[in-house]
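Asks: Make a model of this:
(chains A and B)
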There are 2 protein chains.
Amino acid sequence: MSHFWSPGIDRLSPYVPGEQPKVADLIKLNTNESPDAPSPKVIEAIKAAAGEGLRRYPDPSSAALTEALAKYHGVERDQVFVGNGSDEVLAHAFYAFFRQSHPLLYPDISYSFYPVYAGLYDIQVRALPLDRHFAIDPDDYVGESGGVIIANPNAPTGRLLPIEAIERIAEQNKHCAVVVDEAYIDFGGQSALALLHQFDNVLVVRTFSKSRSLAGMRVGYAVGSPALIDGLVRVKDSFNSYPLDTVAQAAALASVNDDAYFVESCQRLVGNRDRLVEQLTALGFECIPSAANFVFARHPEHAAESLAAQLREKKILVRHFRAERISEHLRISIGSATECSTLVAVLQEMLS
Amino acid sequence: MSHFWSPGIDRLSPYVPGEQPKVADLIKLNTNESPDAPSPKVIEAIKAAAGEGLRRYPDPSSAALTEALAKYHGVERDQVFVGNGSDEVLAHAFYAFFRQSHPLLYPDISYSFYPVYAGLYDIQVRALPLDRHFAIDPDDYVGESGGVIIANPNAPTGRLLPIEAIERIAEQNKHCAVVVDEAYIDFGGQSALALLHQFDNVLVVRTFSKSRSLAGMRVGYAVGSPALIDGLVRVKDSFNSYPLDTVAQAAALASVNDDAYFVESCQRLVGNRDRLVEQLTALGFECIPSAANFVFARHPEHAAESLAAQLREKKILVRHFRAERISEHLRISIGSATECSTLVAVLQEMLS
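Replies: Numbers count the residues shown, from 1 in each chain, chains lettered A, B, ... in the order given. Okay, here's the model as predicted:
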């Protein structure tokens, strides 16, 4: 606490990201990073951007990237907004849309950054409990609301909400912005992008950090109606004219343009996931059906915190949340085939 | 205006950055970019960072860069905060410190992003007029205040405030944060870093965009007391855990470590500036004494707007502000020796 701070700064509860360990020989299955390297074309694009041109400011509107994303998703340019990672896009969305006289609705178990943004911007919230299978009931999302945010597939559960349920939520909340955070949608499930022609209140948020293997480059984006995008642009241009550096813009553009690499990487990941779920189940784990690049699992006979600690001793990092209702689960990112096999072998030994 | 927007979003007046033209053959003296390429070691560092590691999240605290900057400025690590360009650092500072019951004080003519941040966060301001020589009178900065922000050297005037005046302002505003935006300090003048041992309310903000030729990489930072830095960290960690991508961290670190290149580049720029001021003066321009990498000049017999338009026809971009008190001035960034000579030759022809 400092008397130089604005009111409320002392009450913030900042988000705590998954550990980025300093040592190199760990199997890192704790932050949902891709096991694949970025596309070789992305690496080439970064090297090509490394030159004299960096003395210049980047394109403030990331026009080439915005246009490529619009084309990729079959929407207009004024329906796309890019930012410095989807976390920044989400922060701007909270500020642009959710500071209302009615509370923001979201599931009680979801991306743990949502309550942090709400705290930062003094947004009232109503957390709606997932059912006992960790599923969202769309009928809960009714009544007076200042906005809705849902991660789909949800985090940290991995569970997918069918597009019909999203549609229902959008329909029931036509008066306010409904943000669908699709950080993991490329690993399964139908995107709410399909609803955009029908709903001007739906904003789909995406990231290059998972399925595009570019967590290190910080690129995220949103797709929605021009009115929603304009709101984000107004906040962005009042905050930082140039959120994406020249190199990040070039890297992201090259990624969008290399669809074959992207598709193959996602398919391989899904294969690894389905195999891992089978093997974990055989070891007695209960896995929530996952449409993401991680699996959320509990073992009825072993405490999650202790399992995480034992795995860490074996140089395998997974994520454990000390939060209500989920403290008996582990969130395990899907690694390479080799990493998954090692995990299974280590668990087999631990549990026997 | 959209009914999905939070109250106030419709009233924002976003910042308008200097034009980044799409055509290549312009002499671009409108956004205070460096005429020099980044250090070859920076380019090397970027290429070295372009690899498999980008699938991982960056270090959220930019520890290596923070430590290098702390060492460079002879302060502790908990006195340094890095961000996605100094614009982001400033935005966080406005949010963390200036939302107070008393108004923020700043000069009426200064970096035009300050009123934009204030508008974004609903911060009341009191703009204190510069004197007729565009100088700041430190005695104006007294009384009830919720904070002070001053660019030194000031923008777009280039005029330097002596360290004693900054000290006076800090002394008179011990109850609140005093931010000194030193985007241009490397081109002349004494830094307020010298005051940090004496004042826990002073925050110095710096950028890699000008003197380090890295506008394209978006890196800025702040140096101040641990209490001020902690306030910034709390906001940052409630907004975006990873503001700097892996490549930007590597580039900035390499720049800090190549001091010889940096010093030489600054010296060359200052040489070009002093020569240009002499030549402009010979052409009849009145130049405000500049400690920055630009010069703010007016010609008593030629309208600034028309001069800017004529220069543009000759493929030279300079910046003209249609704002009260400064609409008769041009802000001319200092280019390479060749670019400066071309500018002078073109002006000579235009004015004759």
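
Asks: And the strands in the stretch 151-300 of chain A?
Replies: A:178-181, A:202-207, A:220-224, A:286-287, A:294-298 (DSSP state E, counting those that start in this stretch).

Asks: Which stretch among the ones you listed is buried most, on average?
Replies: strand A:178-181 (a mean of 28; mean count of other Cβ atoms under 10 Å in any protein chain shown). For the C-beta atoms, the positions are set from N, CA and C on the backbone; glycine is no exception.

Asks: Domain-wise, how is chain A divided?
Replies: A:9-37+A:260-351, A:50-257 (automatic domain parsing).

Asks: what residues does the stretch 201-350 of chain A put near chain B?
Replies: Listed as neighbours of chain B in the stretch 201-350 of chain A under the rule Cβ under 8 Å from any Cβ of the partner chain: A:201, A:209, A:213-218, A:227-228, A:230-231, A:233-235, A:237-248, A:251.

Asks: so how far is A:R212 from A:S39?
Replies: Applying Cβ to Cβ, to the nearest Å, the value for A:S39 to A:R212 is 8 Å.

Asks: can you list residues touching both of these two?
Replies: Shared contacts of A:S39 and A:R212, defined by Cβ atoms under 8 Å, 6 or more residues apart in numbering or on different chains, comprise A:255, A:262.

Asks: Those two: who's more crowded?
Replies: More neighbours surround A:R212 than the other of A:S39 and A:R212, with 27 against 23 (other Cβ atoms under 10 Å in any protein chain shown).

Asks: Hmm, that one is touching A:L253, no?
Replies: No - A:R212 is beyond contact range of A:L253, at 11.5 Å (criterion: Cβ atoms under 8 Å).

Asks: how near is A:R331 to B:V223?
Replies: Distance from A:R331 to B:V223, by Cβ to Cβ: 38 Å.

Asks: per-residue confidence at the residue in the stretch 251-352 of chain A that chain B sits nearest to?
Replies: Per Cβ to the nearest Cβ, A:A251 is where the stretch 251-352 of chain A lies closest to chain B, at 7.6 Å. We have a pLDDT of 98 for A:A251.

Asks: mind listing what it touches?
Replies: A:38, A:42, A:45-46, A:49, A:214, A:217, A:219, B:54.

Asks: quick one: which of those residues has the most company?
Replies: Top of those by neighbour count (other Cβ under 10 Å): A:M217, with 32 neighbours.

Asks: Am I right that it is in contact with B:D245?
Replies: Yes - counting by Cβ under 8 Å, A:M217 touches B:D245, with 4.9 Å between them.

Asks: Which residues are in contact with each of those two?
Replies: Here A:M217 and B:D245 have A:247-248 as joint contacts, going by Cβ under 8 Å, 6+ apart.

Asks: Find the nearest non-adjacent residue to the residue nearest the centre of chain A, please.
Replies: Residue closest to the mean C-alpha point of chain A, counted by Cα atoms, centre = their mean, is A:A183 at 3.3 Å. Leaving out its chain neighbours, the residue that sits closest to A:A183 by Cβ to Cβ, 6 or more residues apart in numbering or on different chains is A:T207, at 4.9 Å.

Asks: what's the distance between the one you found and A:A70?
Replies: Counting by Cβ to Cβ - A:T207 and A:A70 are separated by 17 Å.

Asks: can you check A:R273 too?
Replies: 30 Å.

Asks: quick one: which of these two has more around it?
Replies: Shown here are A:R273 and A:A70; by other Cβ under 10 Å, A:R273 has more neighbours (24 against 17).

Asks: Hmm, the more buried one is touching A:A291, no?
Replies: No - using Cβ under 8 Å, A:R273 makes no contact with A:A291, being 9.1 Å away.

Asks: Now for these two: what residues contact both?
Replies: With Cβ under 8 Å, 6+ apart, A:R273 and A:A291 have common neighbours A:F187.

Asks: Mind jotting down where the helices sit in chain A?
Replies: A:40-49, A:63-73, A:86-97, A:114-120, A:163-172, A:226-236, A:246-257, A:259-282, A:304-313, A:337-351 (DSSP state H).

Asks: quick one on the thing from earlier: just the domains of chain A: most buried one?
Replies: Most buried of those, by mean neighbour count (mean count of other Cβ under 10 Å): domain A:50-257, with a mean of 22.

Asks: Check the offset of it from the chain's centre.
Replies: Its chain's C-alpha centre and that of domain A:50-257 lie 9 Å apart, by Cα atoms, centre = their mean, to the nearest Å.

Asks: For it, what is the spacing between the initial and final residues?
Replies: End-to-end span of domain A:50-257 (Cα to Cα, to the nearest Å): 19 Å.

Asks: go on, stretch A:133-141?
Replies: Terminal residues of stretch A:133-141 lie 18 Å apart, using Cα to Cα.

Asks: Give the rounded mean pLDDT of it.
Replies: On average, stretch A:133-141 scores 97.

Asks: Now do it: everything it contacts.
Replies: Residues contacting stretch A:133-141 (Cβ under 8 Å, 6+ apart): A:105, A:107, A:109, A:128, A:130-131, A:148, A:150, A:154, A:157, A:159, A:161, A:165-166, A:168-169, A:172-173, A:288, A:296.

Asks: go again using 7 Å as the cut-off
Replies: Stretch A:133-141 is contacted by residues A:105, A:107, A:109, A:128, A:130-131, A:148, A:150, A:154, A:157, A:159, A:161, A:165, A:168-169, A:172-173, A:288 when judged by Cβ atoms under 7 Å, 6 or more residues apart in numbering or on different chains.
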